[in-house]
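Participant: missing the sequence, but the structure's below:
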């Protein structure tokens with residue numbers, strides 16, 4: 001699903017270098033201290049940053065210099081990127097059409113996506129009328145509606161309280177089980193990784209210093225991962 005071949009990106013005095021392969025359906029946690037390169041790596045995959053060297057290949061297609069909108073992926077950020085002047089329905093519908101010109105089938109898809117995240121009947125509300133967890137569900141519904149095979153998550157639930165965060169991770173895991181989604185999750189919290197992921201990448205100073213199954217890493221290198229517990 002995703003392959004990085006000798007990727008290198010330099011921003012000021014920081015350089016990220018990465019080579020990795022992620023199969024379809026894998027769920028990979030990107031961990032490391034602030035400034036280690038997690039968000040830079042996601043930005044490179046998404047197309048917000050173009051590589052100085054190397055390739056980004058998604059689904060067998062070299063997208064190293066493709067525009068963000070041309071890449072077969074969805075991105076979920078911590079703030080959810082909801083538009084406050086639009087209804088919940090329209091915020092989700094943007095995942096189908098930026099112009100919001102939906103036919104009957106597309107409108108049903110939006111309603112079904114809201115139902116899947118537990119927000120049936122919320123379509124007419126504005127984001128300001130929702131709780132933080134409900135706003136996260138709206139962003140998740142929009143992501144699901146895009147039906148892209150690769151999803152990038154940049155600490156999307158970090159601002160939620162622990163109980164709600166666990167609930168959102170569990171919901172995301174259930175939905176991904178149903179769709180076979182491939183995930184990369186940037187997080188500072190190993191508990192988030194354990195709740196959702198089966199593999200961990202540990203970054204330090206722009207380098208991948210650990211890449212293995214999460215369970216194996218927990219058993220083999222607990223001293224390395226414990227700072228994130």
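Facilitator: It's in. Just so it is clear, the structure is predicted and the values come from calculations on it, not from any experiment.

Participant: what about the strands in the protein?
Facilitator: In the chain, the strands defined using DSSP state E lie at 2-11, 14-22, 27-31, 53-58, 61-62, 73-77, 150-154, 182-186, 199-204, 207-213.

Participant: Nearest to residue 104, out of those?
Facilitator: Residue 104 sits nearest to strand 73-77 of all the strands of the chain, at 24.1 Å, using C-beta to C-beta. C-beta here means a position set from N, CA and C on the backbone, and glycine is covered the same way.

Participant: other SSEs contacting the closest one?
Facilitator: If you count contacts as 3 or more C-beta pairs under 8 Å, 6 or more residues apart in numbering; DSSP states H and E, strand 73-77 packs onto helix 38-46, helix 132-146, strand 150-154.

Participant: so where is the protein shaky, pLDDT-wise?
Facilitator: Filtered on pLDDT under 70, the chain yields the residue ranges 78-80, 221-229.

Participant: Domain parsing of the protein, as residue ranges.
Facilitator: Following automatic domain parsing, one gets these domains for the chain: 1-72+150-229, 78-147.

Participant: Need the ones you listed in a markdown table (columns: mean neighbour count).
Facilitator: Output for the domains of the chain, formatted as a markdown table (neighbours: other C-beta atoms under 10 Å):
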| stretch | mean neighbour count |
| --- | --- |
| domain 1-72+150-229 | 17 |
| domain 78-147 | 17 |
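
Participant: if we can go back for a sec, reformat the strands of the chain into a markdown table and put distance to residue 83 next to each item.
Facilitator: As requested, those are exported to a markdown table (distance: least, C-beta to C-beta, whole Å):
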| stretch | distance to residue 83 |
| --- | --- |
| strand 2-11 | 29 |
| strand 14-22 | 31 |
| strand 27-31 | 28 |
| strand 53-58 | 27 |
| strand 61-62 | 30 |
| strand 73-77 | 14 |
| strand 150-154 | 19 |
| strand 182-186 | 24 |
| strand 199-204 | 32 |
| strand 207-213 | 36 |
